[in-house]
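[1] What follows is a predicted structure for the sequence shown.
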Amino acid sequence: MREAKQSIQETVQRTLAEDETLGGSVLVKWVLVLEAAMPDGSHSVVRLTADADGSDLFKWEIIGLLQTALSDVG
């Protein structure tokens, strides 16, 4: 999963740098939640997190980011 996290982080940072509205922004930390269909047909929820250095976030950082994102919905 480390390679996937690194690829996601590099892609998002590059997109931030190239975006006209967000240009110059720096990715500080992120959370990605996804549902994957497994080869056996079951489904699994996967969570990836990282800070600017690629280290996993602390639980309180994850909760804070998700709570902020969900409170802005609707």
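    Nice, I can see it.
[2] in this protein, which spans are strands?
    For the chain, the strands defined by DSSP state E occupy 29-37, 43-51.
[3] What are the buried residues along the first one?
    Which is strand 29-37. 29-31 (16 or more other Cβ atoms under 10 Å). Placement of C-beta: from N, CA and C, glycine included.
[4] again, but for the last one
    Buried residues in strand 43-51, defined by neighbour count with 16+ other Cβ under 10 Å: 48-50.
[5] any idea how far Trp60 is from the closest residue to Lys29 other than its chain neighbours?
    Excluding the flanking residues, the one nearest Lys29 by Cβ to Cβ, 6 or more residues apart in numbering is Asp51, at 4.5 Å. Using Cβ to Cβ, to the nearest Å, Asp51 is found at 13 Å from Trp60.
[6] what does Gly54 give?
    With Cβ to Cβ as the criterion, Gly54 and Trp60 are 19 Å apart.
[7] What of Ser42?
    Relative to Trp60, and taking Cβ to Cβ, Ser42 is found at 30 Å.
[8] go on, Val28?
    Val28 is 15 Å from Trp60, by Cβ to Cβ.
[9] go on, Leu70?
    From Leu70 to Trp60 the distance is 16 Å (Cβ to Cβ).
[10] what do you get for Arg14?
    Counting by Cβ to Cβ, the gap from Arg14 to Trp60 is 28 Å.
[11] Can you list the low-confidence ranges for this protein?
    Scanning the chain for pLDDT under 70 picks out 74.
[12] for it, which helix is longest?
    helix 2-18 (DSSP state H).
[13] Buried by neighbour count: which residues of that helix qualify?
    Those would be 5, 9, for helix 2-18 by 16+ other Cβ under 10 Å.
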